[in-house]
Structures are given as structure tokens and as C-alpha cells.
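S.K.: sequence and predicted structure are below.
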Amino acid sequence: MTTYDTLSRWYDWLAASERQHTDAGLSMLAVQLGERVLEIGCGTGRAAAQMAAMGGQVTAIDLSWGMLQVAGKRAAEAGLTVGDGYRLPFRSEQFDAVFMSFTLELFASPAAVLAECRRVLRVAGRLGVVSLQRRDKWPVRVYDWVHHRWPVWIDCRPIQVCAVVEQAGFRVMDSAETTMWGLPVTQLVAT
């Protein structure tokens, strides 16, 4: 059982402050009718349900069975799979878009996850990412201090998201930065 299994029933309440940033990322990704979309780290299925409502054919994965059980109630039209971003259980060039919100910064090797995203994306496919952004600001330094002391509960860590995405061979097409509790959050779309 993971921490997310334990939190799954209350996660939407706990993560309510993330919604506006995820919504901004979804708006930027602009899923089109009939597009095949993969969401990595779907959590309780809120974004998967939104992408399905936009007309996307959504497949969503998460490591947590508890999160997928909640997601199944919300995003019944999405295909839900227990999966790991390091080894996506899908054929190459299968998706028009891949979306992650507050997920990429959870991985020890974001580059390995992005390589898998590149593999499953079709030519000219889009990557949408919402992530805590590393900046040399006091709120980020305080957050890092808390993260290092309680990494099981404060598991996201700010990353240089645009640089990480570009180093993985993607080209950032659009990006925006917002703040959450004083922490920078980047939304981006890359090809």
C-alpha cells in the first residue's frame, strides 16, 4: 500500500489548490475530439475526466490502486491502468498527447520518464506538463527544507521543468508560470 492509497479518499480535498494550475495546463494542451491521450499519474481522475469531456480518448495510469478506484468512479470513460512512468505498458507512437500534472517532479529520473513519453507519442505529438518550478526564492527553499524532512508526505520537489523537458529532446511551444502558496508552478506544452 502506498501513501497515495491511504490518501485517495481525501486527495481531492488535500490537493484542491492544484486544480487551477492543472486546469491551466489542460487548457494549454487543448485536447481535440478523437485524440488519443495518455495521462501519467492520473490520481483521482479529475484531469482524465476533463480530457474525456473535451472529446479525447483517454488512457490514464497511476501506481496507486486506491487512486485508480476513485478515478474509476469519476472518469468511467477513461481506460485506467496501474502503471509506472518508467516503463509505460503501451506500444510506441500510440498517443497524440501525454499529460502530467504534479507528477514529473515525483520521479527520481524525469529524463527517463520523458524518454518513455517520447516513445509512446506519435510524430508531432504533444506533451503537457504542470510542475513545481525550481527558482532561487525563499518559498522554494522553505519547501525544499520541509520536503527533505518529510519526503513521504511532501513528495513533489521543484524542478527546472522547461530545461528538463528540452534536455529530453522536446521543444517547448508554450509555457506559463503561476504561483501556489508562493511556489512557482509551470504549465507547458512541448512537441
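M.R.: The structure has been received and is ready for your questions.
S.K.: residue boundaries of the helices in the chain?
M.R.: Ranges of helices in the chain, per DSSP state H, are 3-7, 11-14, 19-29, 46-53, 65-74, 110-120, 138-149, 161-167.
S.K.: neighbouring contacts of the last one?
M.R.: Contact with helix 161-167 is made by 104-105, 110-111, 114, 127, 129, 131, 133-134, 172, 175, 186, 188, 190, as judged by CB atoms under 8 Å, 6 or more residues apart in numbering. Just so you know, the C-beta spots here come from the backbone N, C-alpha and C atoms, and that holds for glycine as well.
S.K.: for that helix, buried residues please.
M.R.: Using 16 or more other CB atoms under 10 Å as the test for burial, helix 161-167 gives V161, C162, V164, V165.
S.K.: can you redo the residues you listed as JSON lines with pLDDT and distance to G55?
M.R.: Listed next are the buried residues of helix 161-167 as JSON lines, based on pLDDT from 0 to 100; distance: CB to CB, whole Å:
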{"residue": "V161", "pLDDT": "96", "distance to G55": "27"}
{"residue": "C162", "pLDDT": "97", "distance to G55": "28"}
{"residue": "V164", "pLDDT": "97", "distance to G55": "30"}
{"residue": "V165", "pLDDT": "98", "distance to G55": "25"}
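S.K.: report the two of those residues separated the most.
M.R.: Comparing every pair within the buried residues of helix 161-167 by CB to CB identifies C162 and V164 as the most remote, at 7.4 Å.
S.K.: what sits against L132?
M.R.: So L132 contacts F102, E105, Y143, C156, R157, P158, I159, M180, L183, P184, V185 (CB under 8 Å, 6+ apart).
S.K.: many thanks, we can stop here.
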